[in-house]
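[1] could you work out the structure for the sequence below:
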Amino acid sequence: MSRTQAYRDVVEAQRLPRLIRLGPNYYAAVFTLMKLLPAWYILRSAADRGELGPDTVVVETTSGTFGLGLAQQTALTGHRLILVGDPAIDDRLRRRLETLGAEVQIVQQPAPVGGIQAARLERVREIRERHPDSFCPNQYGNPDNPLSYSYAAAAIAEAVGQVDCLVGPVGSGGSMCGTATHLRTAFDDMRAVGIDTHNSVLFGQPDGRRALRGLGNSLLPPNLDHRVFDEVHWLGPAEAYAGARELLARHALFMGPTSGAAYVVGRWWAAEHPDATTVILCPDEGYRYQDTVFDPDWIAAQGLDRPGPPEPTPVFHPAEVDTGWTYLGWNRRGLDEVVRQPATRG
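    Residues are numbered from 1 along each chain as shown. Have a look, this model is predicted:
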């Protein structure tokens, strides 16, 4: 009789994805909470370098799941954690963070340049001035973020074997850039398909209000390597929410809207390339979205109950991206190289 593995703690038990087959050539790398992996790796590496002592205060800007990953890790290590977020933070998430012992500070006003994220970074700077023995994980610029995904890449390769295409949402740049880079050490021709949302600066659009949370950004993170990507897709909330509901209805996977976005794009890519093996990254579970994404009345009230397009519309420049589902052949180019191109094919 085989023995069930006993993990040291919840972080060890949940930091790697489960690989689930969704179709003949189509897999999902399903995380309970993807950001546990970089949170664990960044804090462990900082401790190894002597940057994180037993009394060091951990300070980070996040209104999402990276904060939850840090809070779970610091609850186990005993470090004080201060998180800087904005008013869009989910109430359930905030209560969970505070129960884990984190102090959550909310920045109310955006900065003139860089919006609310720049204002949050300024608050982090102020807090660290008051706490000389502090450490900022800096998920957007810390190279340990993408490095941590070597563990995810190894798990994917071991479970799936050949990987021809990796599809996933982009926010800090860590998960897609890190996982794709490490997978390409074994599969050098593997394609990487990134998913952004409208009014995000990550792939050349002007900054604006984003209805779809969990991906996109108002600032360009240093960890985002544009030359990793072969294609970039832009989706809105209607497509991502419908994808999350379909993941649950068809595959019994209860995941959030960023996973829904990956599902929509990955399903299409796998159908277009039936001889290739596609893997999508599913970052976190759907419990935070029970009153929104998974509530039919809420979806209808938001006007998001109309069926989306079955396939994306191609564009030839980020300036041509409009509402709905569109995609651009990025072809592993730098951002400046893409943006300098004419805004139309001619």
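[2] model confidence for the residue lying closest to residue 215 once chain neighbours are set aside, exactly?
    Leaving aside its sequence neighbours, residue 215 sits nearest to residue 169 (Cβ to Cβ, 6 or more residues apart in numbering; 4.0 Å). In this view, the C-beta of every residue, glycine as well, is placed from N, C-alpha and C. As summarised for this prediction, residue 169 has a pLDDT of 97.
[3] okay, and the beta partners of residue 169?
    Per DSSP bridges, residues listed as beta-bridge partners of residue 169: residue 195.
[4] and stretch 97-114, which residues are buried?
    Buried positions in stretch 97-114, judged by neighbour count with 16 or more other Cβ atoms under 10 Å: 97, 100, 102, 104, 107, 114.
[5] where in the stretch 1-150 of the chain is pLDDT low?
    The stretch 1-150 of the chain contains residues with pLDDT under 70 at 1-3.
[6] helices of that one, start to end?
    10-14, 36-48, 65-77, 91-99, 115-130, 144-148, 150-160 (DSSP state H, counting those that start in this stretch).
[7] tabulate these (TSV), appending distance to residue 229.
    Compiled in TSV, these are given as follows (distance: least, Cβ to Cβ, whole Å):
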stretch	distance to residue 229
helix 10-14	28
helix 36-48	19
helix 65-77	21
helix 91-99	29
helix 115-130	22
helix 144-148	14
helix 150-160	16
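[8] out of the ones you listed, nearest to residue 196?
    Closest to residue 196 of the helices of the stretch 1-150 of the chain, according to Cβ to Cβ: helix 115-130, at 15.4 Å.
[9] related to what we said a few turns ago, right, and the helices of the stretch 1-150 of the chain - which one's nearest residue 338?
    Closest to residue 338 of those is helix 144-148 (Cβ to Cβ; 20.7 Å).
[10] how about residues contacting the closest one?
    The contact list for helix 144-148 (Cβ atoms under 8 Å, 6 or more residues apart in numbering) reads 37-38, 40-42, 45-46, 139, 172-175, 177-178, 181, 223, 225.
[11] circling back: who's in contact with the residue nearest to residue 215?
    175-176, 194-196, 214-215, 258, 261-262, 281, 283.
[12] show me these that map onto strands.
    Using DSSP state E, 194-196, 281 are the members of the contacts of residue 169 that sit in strands.
[13] now the two most distant members of those residues.
    196 and 281 (14.0 Å).
[14] could you count how many residues lie near the nearest residue to residue 168 once chain neighbours are set aside?
    For residue 168, ignoring the flanking residues on the chain, the nearest one in space by Cβ to Cβ, 6+ apart is residue 281 at 3.3 Å. Using other Cβ atoms under 10 Å, the number of residues around residue 281 comes to 26.
[15] now, which of the ones in strands among the contacts of residue 169 sits nearest residue 80?
    The shortest approach to residue 80 among those belongs to residue 281, at 31.2 Å (Cβ to Cβ).
[16] contacts only, for that closest one.
    By Cβ under 8 Å, 6+ apart, the contact set of residue 281 is 17, 29, 31, 34, 166-169, 175-176, 179, 259, 262.
[17] can you tell me how far residue 150 is from residue 227?
    Computed with Cβ to Cβ, to the nearest Å, the distance linking residue 150 and residue 227 is 19 Å.
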